[in-house]
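J.: using only what follows, build the 3D model:
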Amino acid sequence: MAAQISEQVSSEPTPGRSTRVDVAIQGIRLLDAPVARRAGAGPSDDGHVLLDGIGAAIPLNPRSAYTVKGGKLLLDGADTGMGVEAVARPRFYDLETADGVSYEKIARLHSDRVLATTVVQTCIRYAESERCRFCAIEESLVQGSTVAVKSPAQIAEVAKAAHDLDGITQMVMTTGTSNGRDRGATHLARCVRAVREVLPDLPIQVQCEPPADLATIQDLYDAGARSIGIHVESMDDDVRRAWMPGKGTVPLEEYRAAWREAVRVFGHNQVSTYLLIGLGEDADELVEGAQELIDMGVYPFVVPFRPLAGTLATDVDGATAPPPSVVYDVTARVAARLRAAGMAGSDQAAGCAACGACSALSCEGA
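T.: Here you go, the predicted structure:
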C-alpha cells in the first residue's frame, strides 16, 4: 500500500496547491490583516485570510516576495491567479467584561469562524531548560495581550458574544501544562461546561498533554467537548528531546495510551495531534509516524515549523523554516494516507484539523 500511495503523489503539485504551501512558509509582505496574532500558544506572527475562499493563517513577513494588491496575491509583482481576502475584525473584539477586561484578551478569532482561547496562559515547562523551542505561550502575557487565567464565566460570556455577533461555528480551548496529574484538563472541563450552558450546540475541541489519569479524557467528553487534540509534534524521540526537553520527558507510550483512550471516548477521527515538518526528522519516518496515528484513528495534523519571534528556536537557535518542496511532499503523502483511510479534517467536530487554516492538508482533500 505504501508504494502505491507513493506513486499516487509523485506528480508535480498544481500551481494553486504549491503556492499555498509556499505562502505558508514565506508569508506575505504588506498585508493588512485585521485578525492577526503576535506570539502565543500556537502559530503566531500571522494574519488570517481567505485564499481563494479557503481559510489560511499566513505569516506576516516584511521580507516576503508575496504581496497583495486589489484582492490578488502577487509574487514579485506578478499575479499568481489566487485571490486573497483578509478576515474582517470581529465585532466582539470591541466589547469588554464588567470588570474591564477586553474580550479580545479572553478569546481570539481564528480563520473566519473559529473562536480559540488558551484557558491558562502559563506552562510549568516554560523555563528555558524545559521549554518547547517553538513555543511562545507566555510572550503574549509579557505583551499584555491576554490574561493568565480565563474563568469559565468569562469564556462563556465571550463565546456567546462571538456566536451572536460574528457567527462563530466552532471553538478550540487549549491550555498550558499545569503541575497537576490532569495537566490542566480539569480547568478545561469547567470552561467547556460553562460554554455549553450558553451555547449547547456549539462544537468544542479541547487540547492538552496526556493526563496521568486517563479517566480525565472521559471527563472532558462528559463536559461537552466533542473532539480532542493531544499534541506530540514529533514521533521521533531524538527530535522530541532536542526541541521539547520538558515535554519530551513524557514517554511516547503515554501519548499512545492517551490517544487510544481518546479514540475510544471521542470516536474515530475525532482525535488529532500536531506533527511539525522541519524539526530535522527524516521525511519518510515522519510519514510512517503519521501512518501509525492514522491506524489508531488519530488525525495527524501536519504543519510546517515557522520561526517565530519570542521563541528559543528563533531568538537563540536561528532556526529556519523547511523548504516548501519538503512541506508539500510530506503534506501530499500524509494526505494520501488519510484519504485511503477515509479520514478528513472537515469530518472532525471542531478544532485545528476541522479549521485547516494552518496546514495544506485540506487542499489535498484531507
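
J.: grab the longest strand from this structure for me.
T.: Longest strand in the chain, counting residues (DSSP state E): strand 78-86.

J.: which residues does that strand contact?
T.: The contact list for strand 78-86, computed with CB atoms under 8 Å, 6 or more residues apart in numbering, reads 15-16, 19-20, 28, 31-35, 47-53, 66, 68, 71-74. Every C-beta, even on glycine, is put in place using the N, C-alpha and C of the backbone.

J.: one more time with 7 Å, if that's ok
T.: The contact list for strand 78-86, computed with CB atoms under 7 Å, 6 or more residues apart in numbering, reads 16, 19, 32-34, 47, 49-52, 68, 71-74.

J.: and that strand, which strands flank it?
T.: strand 46-51 (antiparallel), strand 72-75 (antiparallel) (DSSP bridges).

J.: could you give the mean pLDDT of the last one?
T.: What strand 72-75 shows for mean pLDDT is 93.

J.: can you check stretch 134-146 too?
T.: The average pLDDT for stretch 134-146 rounds to 90.

J.: end to end on it, go ahead and measure it.
T.: 19 Å (CA to CA, to the nearest Å).

J.: in it, what's buried?
T.: Across stretch 134-146, burial judged by 16 or more other CB atoms under 10 Å covers Phe134, Cys135, Ala136, Ile137, Glu138, Glu139, Ser140, Ser145, Thr146.

J.: chain neighbours aside, what residue packs nearest to the fifth one?
T.: This points to Glu138. Tyr126 (5.4 Å; CB to CB, 6 or more residues apart in numbering).

J.: just confirm the one you found is within a strand.
T.: No. According to DSSP: H, G, I helix; E, B strand; the rest coil, Tyr126 belongs to no strand; its state is coil.

J.: need the pLDDT of it.
T.: If you check Tyr126, the pLDDT there is 94.

J.: now it: how far from Val316?
T.: In this view, Tyr126 and Val316 are 14 Å apart by CB to CB, to the nearest Å.

J.: more neighbours, those two?
T.: Shown here are Tyr126 and Val316; by other CB atoms under 10 Å, Tyr126 has more neighbours (17 against 10).

J.: what is the helix or strand where Arg339 lies packed up against?
T.: Per DSSP states H and E: Arg339 is located in helix 324-340. Other elements packing on helix 324-340 under the criterion 3 or more CB pairs under 7 Å, 6 or more residues apart in numbering; DSSP states H and E are helix 2-8, helix 15-26, strand 271-277, helix 283-296, strand 298-304.
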